[in-house]
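Novice: Sharing a model that was predicted from the sequence below.
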Amino acid sequence: MAKNTDEKNEKKFIKFPIPPRFILKDLVTKGLIQPFPKQEEDPTTERPAWHKEDRYCEYHQTKGHAINGCGSLRNRIQRLIEDEFYVCPDRVDEIKEEHDINVIFREEVVTLP
């Protein structure tokens, strides 16, 4: 039986060993990626149904969704890994800050196996 073309073209995502927010920090430090420029939000703009005002994405530097669920960031990370530009650390404590980063990361307690 032939597969549905939607199923065949569906992208399979890598399971990252650490949360994307920490990977973003590492990628910024290594100069492999930059967050989107921060933009003023227009309060009169209609928000999509999935928009959550209490969530913030450090990659897009805007409210609306959490960074750990950001599809754009996940795609970008996966592309860098697949193209062999980046090797993802296995643990958060392997990420070293080599220079100052222009992004403020909210503190979050993460329990890793």
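Specialist: Sure, I can see it. This structure is a prediction, so every number in the text was calculated from the model and none was measured.

Novice: Pull the contacting residues for the closest residue to I33 other than its chain neighbours.
Specialist: Spatially, and ignoring its direct neighbours in sequence, I33 is nearest to L27 (4.0 Å; CB to CB, 6 or more residues apart in numbering). Quick note: C-beta positions are derived from backbone N, CA and C, even for glycine. L27 makes contacts with 33, 77, 80, 86, as judged by CB atoms under 8 Å, 6 or more residues apart in numbering.

Novice: May I ask which helix or strand encompasses L27?
Specialist: helix 20-29 (DSSP states H and E).

Novice: give me phi/psi at the residue most central in space within the chain?
Specialist: Nearest residue to the geometric centre of the chain (CA atoms, centre = their mean): L73, 3.4 Å. Per-residue torsions, L73: phi -70, psi -40 (degrees, to the nearest 10).

Novice: Is it in contact with Y59, as I believe?
Specialist: Yes. At 4.4 Å, L73 counts as touching Y59 under the criterion of CB atoms under 8 Å.
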